[in-house]
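Peer 1: need a structure here:
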Amino acid sequence: MTSTPASGPHQEPAHEPPPTPESATLRPLRARGREEAHRAATPLELFFDLCFVVAVAQGRVELVHAVAEGHAGEGVLNYAMVFFALFWAWVNFSWFASAYDNDDVLYRVVTLVQIAGVLVFAAGVSKGFQEHDFLLIWLGYLIMRVALTTQWLRVAKSATGAERSTALRYAGGVLLCQIGWSGLLFLPEDARLWLFLVMAVAEMCVPVFAERGYTTAWHPHHISERYGLFTIIVLGETIAAATVAVKSGIEENDALGELLPIAAGGLLMVFAAWWIYFVVPIHGRLRGNRQAFLWGYGHYVILGAAAAIGAGLEVAVEEAVGKAHISTLAASAAVTVPMALYLLTVWLLHSRYYKVGIAQQLVLPVSALATLASTFAGRWAVLVAGLVATATVATGVTLTSRMARLTARNSPS
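Peer 2: Reported below is the predicted structural model:
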């Protein structure tokens with residue numbers, strides 16, 4: 001005879017209540033540690049970058065139209081102005097986040113407001129290029145800058161002493177510069193270039209002025225990762241734009257023979273651009289504001305050139321299928337000039353600090369000159385430039401490997 005356990009009411013096992021996300025709480029906006037381990041970009045920062053690329057893409061599209069119609073000078077000037085405004089707004093957010101991101105609910109909401117400002121800015125890029133109407137651009141910038149000022153005032157509320165003074169100087173400097181940009185709405189067109197030059201210098205002076213008595217706790221590894229990720233996104237947008245242009249050219253004009261060299265050369269250039277940028281770990285050099293600010297500001301040229309390569313590839317496609325009102329030489333230069341500028345600026349900003357010997361130091365400058373020379377290769381110019389970029393990477397890898405072998409051979413066992 002077996003006994004059966006008495007049946008009773010079924011009991012669910014006890015569960016711990018779900019933890020409350022830290023982002024749901026409101027916390028003081030205090031500095032993070034510069035020596036913080038495993039600091040990496042957040043999903044919010046990546047989302048921010050992706051939304052920024054929408055505006056970058058609008059600038060690239062307008063640059064393509066201007067160059068293809070034979071208005072390269074005006075198009076490049078407008079592109080330089082619009083891209084600086086975008087770049088600087090991204091810089092402001094990224095360096096602030098590196099020092100103070102606490103990921104609470106208010107920080108997230110204010111960052112989303114900044115993203116909304118980016119999208120308003122993007123909506124005004126076409127009018128800014130074509131009609132010199134900067135109202136939407138200014139309004140988008142206003143939204144971004146008011147949100148940034150709010151973040152700095154939050155820092156000032158939680159900080160004391162020199163840190164509080166720095167936060168207040170940042171808040172005041174950002175607002176004063178925004179007032180200065182308002183001149184784009186009222187000044188005659190001839191004066192707007194001078195206003196841009198004055199305001200660009202003023203913007204870049206704000207961090208230098210604000211941090212004269214206190215250095216914000218930006219994280220070197222985080223900052224280098226943020227710039228690297230944005231570079232990747234811009235290069236990805238360049239590939240996407242060129243791919244769409246080639247696809248449309250083949251479908252609409254049955255021009256595979258004309259477009260294949262452009263597609264192959266463009267792909268080789270973008271691959272090489274990625275390789276060359278990430279071949280050295282730059283975060284070790286970002287030890288103080290002097291090195292970091294120069295490196296960070298210089299990325300205006302790197303990122304602007306990277307996006308312009310995509311525009312140049314689109315122009316080359318349009319010229320190859322007979323849609324552009326420019327010569328083959330001009331279309332080729334639209335690709336080779338930004339590529340050469342990219343190579344030279346990457347070398348100036350960080351590659352040269354990791355090169356050993358004259359041979360390694362000359363690789364990128366010589367490659368930039370060879371890229372410019374490829375402009376004169378006619379309809380093969382883009383492919384030749386791509387082969388130059390490939391040879392640049394191969395040469396750099398060979399020289400580095402040779403140096404490593406020599407070092408290992410000469411080192412005491």
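Peer 1: Count the neighbours of Glu225 for me.
Peer 2: Neighbour count for Glu225, taken as other Cβ atoms under 10 Å: 18. Where C-beta positions appear, they are placed from N, C-alpha and C, glycine not excepted.
Peer 1: what's the closest non-adjacent residue to it?
Peer 2: Excluding the flanking residues, the one nearest Glu225 by Cβ to Cβ, 6 or more residues apart in numbering is Ala41, at 5.6 Å.
Peer 1: likewise Trp218?
Peer 2: Among residues not flanking Trp218 along the chain, Ser98 sits closest, at 4.1 Å (Cβ to Cβ, 6+ apart).
Peer 1: just how off-centre is the longest helix along the chain within its chain?
Peer 2: Longest helix of the chain, by residue count under DSSP state H: helix 220-253. From the chain centre to the centre of helix 220-253 is a distance of 11 Å (Cα atoms, centre = their mean, to the nearest Å).
Peer 1: sorry, back to before: now do the same contact list for the residue nearest to Glu225.
Peer 2: Neighbouring residues of Ala41 by Cβ atoms under 8 Å, 6 or more residues apart in numbering: His222, Glu225, Arg226, Leu229.
Peer 1: Out of the residues you listed, grab the one that's most surrounded.
Peer 2: Among the contacts of Ala41, the one with the most neighbours (other Cβ under 10 Å) is Arg226, at 26 neighbours.
Peer 1: ok, now which ones touch that residue?
Peer 2: Applying Cβ under 8 Å, 6+ apart to Arg226 gives the contacts Ala41, Glu45, Ser94, Ala97, Ser98.
Peer 1: Equivalent analysis for Leu187, please.
Peer 2: Residues in contact with Leu187 (Cβ under 8 Å, 6+ apart) are Leu195.
Peer 1: Backbone dihedrals for it, please?
Peer 2: In this entry, Leu187 is assigned phi and psi values of phi -70, psi 150 (degrees, to the nearest 10).
Peer 1: Give me the buried positions along the helix or strand hosting Ile262.
Peer 2: For Ile262, the enclosing helix or strand under DSSP states H and E is helix 256-278. For helix 256-278, the neighbour count (16 or more other Cβ atoms under 10 Å) marks 258-259, 261-263, 265-274, 276-277 as buried.
Peer 1: C-terminal to that helix, what's the next element?
Peer 2: For helix 256-278, the succeeding helix or strand toward the C-terminus, using DSSP H and E, is helix 289-320.
Peer 1: So, low pLDDT: which residues of the stretch 201-350 of the chain?
Peer 2: In the predicted model, the stretch 201-350 of the chain carries pLDDT under 70 at residues 283-284.
Peer 1: Which stretches in the stretch 101-250 of the chain count as helices?
Peer 2: Counting by DSSP state H, counting those that start in this stretch, the segments of the stretch 101-250 of the chain that form helices are 105-123, 125-130, 135-158, 161-181, 183-186, 189-210, 220-253.
Peer 1: Out of the ones you listed, which gets nearest to Gly73?
Peer 2: When the helices of the stretch 101-250 of the chain are compared by Cβ to Cβ, helix 189-210 sits nearest Gly73, at 11.9 Å.
Peer 1: how deep is Ala311 tucked in, by neighbour count?
Peer 2: Ala311: 30 neighbours (other Cβ under 10 Å).
Peer 1: tell me the contacts of it?
Peer 2: Applying Cβ under 8 Å, 6+ apart, the residues near Ala311 are Arg60, Val61, Leu63, Val64, Val67, Tyr79, Ala241, Ala334, Pro338.
Peer 1: Restricted to helices, list those residues.
Peer 2: Using DSSP H, the contacts of Ala311 in helices are Arg60, Val61, Leu63, Val64, Val67, Tyr79, Ala241, Ala334, Pro338.
Peer 1: Now render those residues as JSON lines, adding neighbour count and distance to Thr371.
Peer 2: Below are those laid out as JSON lines (neighbours: other Cβ atoms under 10 Å; distance: Cβ to Cβ, whole Å):
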{"residue": "Arg60", "neighbour count": "25", "distance to Thr371": "20"}
{"residue": "Val61", "neighbour count": "17", "distance to Thr371": "24"}
{"residue": "Leu63", "neighbour count": "28", "distance to Thr371": "19"}
{"residue": "Val64", "neighbour count": "25", "distance to Thr371": "20"}
{"residue": "Val67", "neighbour count": "29", "distance to Thr371": "18"}
{"residue": "Tyr79", "neighbour count": "23", "distance to Thr371": "20"}
{"residue": "Ala241", "neighbour count": "22", "distance to Thr371": "20"}
{"residue": "Ala334", "neighbour count": "30", "distance to Thr371": "13"}
{"residue": "Pro338", "neighbour count": "26", "distance to Thr371": "10"}
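Peer 1: Among the residues you listed, which pair sits farthest apart?
Peer 2: Spanning the widest gap among the ones in helices among the contacts of Ala311 are Val61 and Pro338, at 15.5 Å by Cβ to Cβ.
Peer 1: before we move on, the earlier item: helix, strand, or coil at the residue nearest to Glu225?
Peer 2: Look at Ala41: counting by DSSP: H, G, I helix; E, B strand; the rest coil, its state is coil.
Peer 1: mind checking how far stretch 147-160 is from the chain centre?
Peer 2: Centroid separation between stretch 147-160 and its chain, computed with Cα atoms, centre = their mean, is 25 Å.
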